[in-house]
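Participant: Predicted coordinates and the sequence they were generated for:
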Amino acid sequence: MNILAFESTCDETAVAVVADGRRVLSDVIASQAEMHALYGGVVPELASRKHVEVIAALTEQALREAGCGRDDIDAVAVAYAPGLIGAVLVGLSFAKSVAFAWGKPLIPVHHIRAHIAANYLAFPELEPPFVALAISGGNTLIADVRDYTDLRILGATRDDAAGECFDKAARVLGLPYPGGKPMDELARQSQGGVYSLPRAHVDGAELDMSFSGLKTAVVNLAHRAEQSGQPLDRAALARDFTNAVSGELVPRAMRALALTGHKALCAAGGVAANSVIRANLEAACKEAGCKLYLPPLRLCGDNGAMIGAQGYYEFRAGCRAGMDLNAYATRALDA
Ligand code: KG4
């Protein structure tokens, strides 16, 4: 079964064709990062406008690269939530038009479920149940993936997402947007141990997280250094910050494994590309005797193939949307 899939929830327009939820026939992405870098972050209206400009050409390219025409496509999948509402609406409206004009079923896909499903593309043997650690620019959560379409949130951030926190910390360190990758490169130049940063815990919800205090601490450290003329060890701060984020994520993911009894952990989302977090997850899973799935870097960030992967399983579970499907800025992954 071939699914034509659309993703436009933030600053990547992405279109893919995926066979049977597992095989990528084409996967084209137009990133807007360079445009938003001028402003130090995503400008929502510009994001929507750029999606409008490129989505038709990307669709032609995805179909051409997959060697598919209208008759080879069995269904259309689209990310309908969560995301920047204007951006999501562009992909959603376009996907609806294709489904309507071609007479194909329309499958609504939750963006974070799709991030987790990117692992199905990378690891053919992977099947639920497992624990997923989804860490992206807009969301940070730990989920019990009981089955392909039966997911439960075990813990989530109470405020900022891990990626948002990386981007903000990078900004105060003078790094370009999006800041995750340059922070990663800077952090690798130091072992850290110079700056002490706060760790958060949420009373009565051991798997919930909080990153806003950490973000503020880095901002204050950088500002104080600037005002007092003290030199800032940027690499050490990047490393200590990364260690602090990892210290929030990795022990909680391991605790989720212990609580559920699952023997496999999958990472997902843009922040799952971080080299320190990857290494710490590897060490922790090895010690616990659990299998770890780390998607290749190209499948960590937003892409259309992951929408096609999750879309397949949603379709198999009987999920279809009508032409009245709307977009949502926020929506729980287990709603
Ligand atoms: O999953 P994604 O592409 O978009 C969302 O769905 O939000 O994640 C983007 C986030 C950005 O905040 C970016 O800075 C972060 O992922 N990121 C990283 C790394 N590469 C990307 N964060 C830490 N280390 C990285 N290597």
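Facilitator: Happy to help now that I have it.
Participant: In contact with the residue nearest the centre of the chain, which residues?
Facilitator: Centroid-nearest residue in the chain: Gly269, 2.8 Å away (criterion: Cα atoms, centre = their mean). Applying Cβ atoms under 8 Å, 6 or more residues apart in numbering, one finds that Gly269 lies in contact with Ile112, His115, Ala134, Ile135, Ser136, Gly137, Asn139, Gly163, Cys300. From N, CA and C alone the C-beta is placed, and that goes for glycine too.
Participant: what do you get if the cut-off is 10 Å, keeping everything else the same?
Facilitator: Counting by Cβ atoms under 10 Å, 6 or more residues apart in numbering, Gly269 touches 111-112, 115-116, 118, 132-141, 161-163, 295, 300-302.
Participant: how about the residues of the stretch 51-200 of the chain near the ligand?
Facilitator: Proximity of the stretch 51-200 of the chain to the ligand (Cβ under 6 Å from any ligand atom) is limited to residues Ser136, Gly137, Gly138, Gly163, Phe166, Asp167, Pro178, Gly179, Gly180, Lys181, Asp184.
Participant: the helices in this protein, which residues?
Facilitator: Using DSSP state H, the helices of the chain run over 33-37, 44-66, 85-102, 111-122, 162-172, 180-187, 212-228, 234-260, 275-288, 297-300, 305-316.
Participant: and those, which is most packed in?
Facilitator: With neighbours defined as mean count of other Cβ atoms under 10 Å, these peak in mean count at helix 305-316, which reaches a mean of 28.
Participant: quick one: is that helix near the ligand?
Facilitator: No. Figure legend: helix 305-316 not in contact with the ligand (Cβ under 6 Å from any ligand atom); closest approach 9.5 Å.
Participant: Could you report the pLDDT at Gly40?
Facilitator: pLDDT, Gly40: 89.
Participant: Spatially nearest residue to it (excluding sequence neighbours)?
Facilitator: Once flanking residues are discounted, Gly40 sits nearest to Tyr177: 5.3 Å by Cβ to Cβ, 6 or more residues apart in numbering.
Participant: That neighbour against Ala169, yeah?
Facilitator: No. Contact between Tyr177 and Ala169 fails when scored by Cβ atoms under 10 Å: they sit 11.8 Å apart.
Participant: Overlap in contacts, these two.
Facilitator: With Cβ under 10 Å, 6+ apart, Tyr177 and Ala169 have no common neighbours.
Participant: Residue of the stretch 51-200 of the chain closest to the ligand, please.
Facilitator: Residue of the stretch 51-200 of the chain nearest the ligand, by Cβ to the nearest ligand atom: Gly180 (2.1 Å).
Participant: What residues does that residue make contact with?
Facilitator: Gly180 makes contact with 135-137, 162-167, 169-170, 242, 270-271, 273-274, 300-301 under the criterion Cβ under 10 Å, 6+ apart.
Participant: now swap in Tyr293 and tell me
Facilitator: 118-120, 122-123, 125-126, 130, 132, 264-268, 272, 281, 285 are the contacts of Tyr293 under Cβ under 10 Å, 6+ apart.
Participant: repeat that with 7 Å
Facilitator: Applying Cβ atoms under 7 Å, 6 or more residues apart in numbering to Tyr293 gives the contacts Asn119, Phe123, Leu126, Ala264, Cys266.
Participant: Look up how far Asp203 lies from Ala156.
Facilitator: Distance of Ala156 to Asp203, given as Cβ to Cβ, to the nearest Å: 15 Å.
Participant: again, but for Phe211
Facilitator: In terms of Cβ to Cβ, Phe211 sits 17 Å off from Asp203.
Participant: I'm done for today, thanks for sticking with me.
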